Structure formats: structure tokens, C-alpha cells
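1. only the shape, not the letters, is given here:
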């Protein structure tokens, strides 16, 4: 289980390299899932290793929601 | 290349998709790297935060020495909607000063309207293109065409003629598709976004996206407005976890954000380990457990840290 967020959750590092490692691990199937904030989701990460996106509560921004879905 | 902090590493890694490393190379901008590397083939990736006043980058680009001795060939602004939304922000103003000196500028975004066309259309379009009147840079024909984008639609009074804008920018829209992913290879089968269903079964190999869409399509789904969507999200947040929220808020009053997350984590662990779970929490844990059982790779998204922290703990404790 990985984390992509701008704030440290459960002692996960928020450095650039740690974020890149999380994205790489998801895409090469080392991780089977991540939790992610909508602001990160609305950026251009390539999260093609996942095929299911679960929203916990609707996001404030429909545009962010659409772009997050477009990440996978 | 101006990039959000969170995507800096991404740009550095992906730069080689766009150009041969022998002809151009991408580097993260730091004052030290800038002083060491004067190679014209270097593409500098600059964090958005460096556009703030009183940073090394700001002082450099505002210096007379830089203005007279450095030529900016082209700029690329990633997540440009963040600049477009506020013309008065310091980041926006710094970027505008750089763009004025550049010969070729590109704005990149996947979120033109962060709050929706109804709220953002006029502000975003005009901040990207300047005012659509005699004071702007457009000739009369362009002015008329751009102004039409801001005319409300006849069928739906709430919508602007965004369709016209989409047609205008269509040749420049890049999307992740099967063809555009790395080496043209799609890592795993893409499915359509859908609401959580009661029983989640892994798809057979020959299950197509069209079939998935048909299977999970919500029949007679009500179309709701952005305002209704926000109201629904607020209700979910405030009523779902009110007692836990109350405890976290009272314990974390006046502390910094990082410490607030630590308090949140502590409260979540204590409640989950020591107390009898409520029906809502049991359902939540069952939902998180189903993520693992369904055997698919998933991303859980929220705009609040609390549900993410809760999900992370519950999901990880299942693994343990």
C-alpha cells in the first residue's frame, strides 16, 4: 500500500524520489494499491498500473475528479 | 519548464520521451546547478514555488544581469490553470514577466476549469488570452469569436459555449490512451470508472470496455449540478465521521499541519484497536477489504486527509 500526498501520512516520505518510487511501484505491480489526495490526482502522473479508482466522498471539483480518472 | 513540485521528478524522468538526451537534457533548477551548467542544450525544470518572491530563482530572473545576458527561447507551463485562475498572485506575475521575454510559450493543463465552466469560464479564458475588447491583443474577428465562448447556451442557461472552445483546442489535447502510454503497451486492461457494486468480480480476459460500461452503467442516473454535488460531499463529510472529527479537531487546535496528521493517526489507531466498531466503521472496513479481495490494482482518492489516513491504516492492518 503506497501513499501519494503532499502531507506525510504514516511516516511515508513526501520527497520527490519517494513519490516517483511509489508511482513506479504501482506501475510495475509491486504495490497493489495507493491512497492519493485529489490535488495529486489532478496532476499529470502516469498511474497506468492501476485499473480501479475509488473516490471516498465526492470531490469538490468535478474537473479534478475527471482528471484523476484520466490518470489510470 | 515550470512544473508543480509534485511533478518535478515526473518531468525529469519523462523528458527523454520528448527529445533525445544527446540533443537536449532536462535538469531540475537550483542556483548551484545553474551556475555550473551553461550548456544551451539544458532544459531547466523549475518548481512553481521558485516563482515566489525572495527565492534564488526570482532574484536571478529579476536581476539586470539576467535580463541583458540571458535569452529565453521558450517556456512551458505545466498545470497552467493554477496560474490562470489568479492574475494577481505573485507566481502568476513572475511567470508573466518570464513569458513576455520568451519567444515561444506553451500552456499545458488538463483542468481548464477547476470549479466548472459556470464559475471559471470568464476569468480563465480572459487570463489566458487577455480581455476580449479593444484593449486586448485580439483583432476584431478574433474578439467576436472569443466573446462567443462566453455567451450562455440557448438550451442550457447554465453552460457557456465551452463546446466551441473544446473544438478550438482539440488538435492540442493530449490524453493517456493505449497508444500514448509507454512503448505503446497498455500494462493492464483499462476498465470504465463506475460506482462500487455489491459484488466485485475480476474481469475475464475477454471482457471489453464496452461490456464493462454496459454492465455497470447506472440506469436512470440523475444528472446533478456542481452545487448539488458539493452539498452532497459536505453532508457525507460532516455526518459520516463527526465524533472522530470532533476529537481530532479539539486535540489539534493550534498545532502545525504535520503534527495534526500525527494526532489524527493516533486517534484513528486508538479508536480502531480499543473500541467496539460501529456499523459505519464495519462497513468501511468491509469496503477496504474488498479492494484486496477483488484482486485489482486500485487508487483511493479523497480531497480530505482523514479518510485517506483511515483507509491506509485499515488496508495496511489487513496486510499485517
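-> Looks like it came in fine. The structure presented is a predicted model; accordingly, all values stated were derived computationally and were not measured. Residues are numbered from 1 along each chain as shown, chains lettered A, B, ... in the order given.

2. the bottom helix or strand of chain A by mean pLDDT?
-> Ranking every helix and strand in chain A by mean pLDDT, DSSP states H and E puts helix A:62-70 at the bottom, with a mean of 65.

3. shaky segments in the chain?
-> Reading this off chain A. Scanning chain A for pLDDT under 70 picks out A:41-42, A:57-72.

4. my bad, the chain I had in mind was chain B
-> Using pLDDT under 70, the flagged stretches of chain B are B:83-87, B:111-130, B:150-210, B:212-222, B:224-244, B:278-280, B:318-320.

5. mind doing that once more with 50?
-> For chain B, the stretches with pLDDT under 50 are B:177-200, B:320.

6. domains for it, by residue range?
-> Domain assignment of chain B by automatic domain parsing yields the ranges B:2-172, B:183-221, B:224-319.

7. so the nearest residue to residue A:27 once chain neighbours are set aside, which state does it fall into?
-> Distances taken as C-beta to C-beta, 6 or more residues apart in numbering or on different chains place residue A:49 nearest to residue A:27, at 3.6 Å, with adjacent residues excluded. (C-beta placed from N, C-alpha, C; glycine too.) Under the three-state scheme (DSSP: H, G, I helix; E, B strand; the rest coil), residue A:49 adopts coil.

8. can you get me a residue count around residue A:49?
-> By other C-beta atoms under 10 Å in any protein chain shown, 22 other residues sit near residue A:49.

9. now do residue A:37
-> Neighbour count of residue A:37, defined by other C-beta under 10 Å: 23.

10. in contact with the closest residue to residue B:260 other than its chain neighbours, which residues?
-> In space, and not counting its chain neighbours, residue B:260 is closest to residue B:252: 4.2 Å by C-beta to C-beta, 6+ apart. Shown in contact with residue B:252 (C-beta atoms under 8 Å, 6 or more residues apart in numbering or on different chains): B:259, B:260, B:263, B:264.

11. what values do phi and psi take at residue B:252?
-> Main-chain torsions, residue B:252, degrees, to the nearest 10: phi -100, psi 10.

12. wait, a strand at residue B:284?
-> No - going by three-state DSSP, the assignment for residue B:284 is helix, not a strand.

13. helices of the stretch 1-150 of chain B, start to end?
-> B:8-18, B:31-36, B:56-62, B:64-69, B:81-84, B:90-101, B:117-129, B:140-148 (DSSP state H, counting those that start in this stretch).

14. and chain A, which of those helices is closest to it?
-> Nearest of the helices of the stretch 1-150 of chain B to chain A, taken as C-beta to the nearest C-beta: helix B:8-18 at 4.0 Å.

15. list the buried ones in the closest one?
-> Buried residues in helix B:8-18, counted by 16 or more other C-beta atoms under 10 Å in any protein chain shown: B:8, B:9, B:10, B:11, B:12, B:15.

16. any chance of those in TSV, plus distance to chain A?
-> Shown next, in TSV, are those (distance: C-beta to the nearest C-beta, whole Å):
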residue	distance to chain A
B:8	6
B:9	4
B:10	6
B:11	9
B:12	8
B:15	13
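
17. make CSV out of these and add distance to residue B:69.
-> As requested, the buried residues of helix B:8-18 are exported to CSV (distance: C-beta to C-beta, whole Å):
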residue, distance to residue B:69
B:8, 26
B:9, 30
B:10, 31
B:11, 26
B:12, 26
B:15, 26
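
18. which one of these is nearest residue A:29?
-> For these, the residue nearest residue A:29 by C-beta to C-beta is residue B:10; the value is 19.2 Å.

19. contacts only, for the closest one.
-> Counted by C-beta under 8 Å, 6+ apart, residue B:10 has contacts A:20, A:23, A:43, A:44, A:45, A:46, B:3.

20. ok, 10 Å please
-> A:16, A:19, A:20, A:23, A:43, A:44, A:45, A:46, B:3, B:4, B:45, B:78 (C-beta atoms under 10 Å, 6 or more residues apart in numbering or on different chains).

21. ChimeraX command for the buried members of these?
-> Remark: buried members of the contacts of residue B:10, expressed as a ChimeraX selection using 16+ other C-beta under 10 Å:
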select /A:16,19,20,23,43,44,45,46 /B:3,4,45,78
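
22. quick one: end-to-end distance for stretch B:25-36.
-> 14 Å (C-alpha to C-alpha, to the nearest Å).

23. quick one: residue B:73 and residue B:104 touch, right?
-> Yes - Residue B:73 is within contact range of residue B:104, at 6.8 Å (criterion: C-beta atoms under 10 Å).

24. partner residues bridging residue B:42?
-> Here residue B:42 sits in beta bridges with residue B:25, as judged by DSSP bridges.

25. neighbours of residue B:60, how many?
-> 16.

26. tell me which residues touch it, please.
-> Each residue near residue B:60 by C-beta under 10 Å, 6+ apart is listed here: B:29, B:31, B:34, B:35, B:50, B:66, B:70.

27. before we move on, what about residue B:255?
-> Residue B:255 neighbours (C-beta under 10 Å, 6+ apart): B:261, B:262, B:263.

28. just to be sure, it is in a strand?
-> No - using three-state DSSP, the assignment for residue B:255 is coil, not a strand.

29. against residue A:9, how distant is it?
-> Distance, residue B:255 to residue A:9, by C-beta to C-beta, to the nearest Å: 16 Å.

30. before we move on, what about residue B:307?
-> For residue B:307, the distance to residue A:9 - C-beta to C-beta - is 11 Å.

31. go on, residue B:101?
-> For residue B:101, the distance to residue A:9 (C-beta to C-beta) stands at 41 Å.

32. surely residue B:262 and residue A:8 touch.
-> Yes - in this structure, residue B:262 is within contact of residue A:8 by C-beta under 10 Å, at 8.5 Å.

33. phi and psi next, for residue B:297.
-> phi -90, psi 130.

34. wait, residue B:306 sits on residue B:245?
-> Yes - counting by C-beta under 10 Å, residue B:306 touches residue B:245, with 6.9 Å between them.
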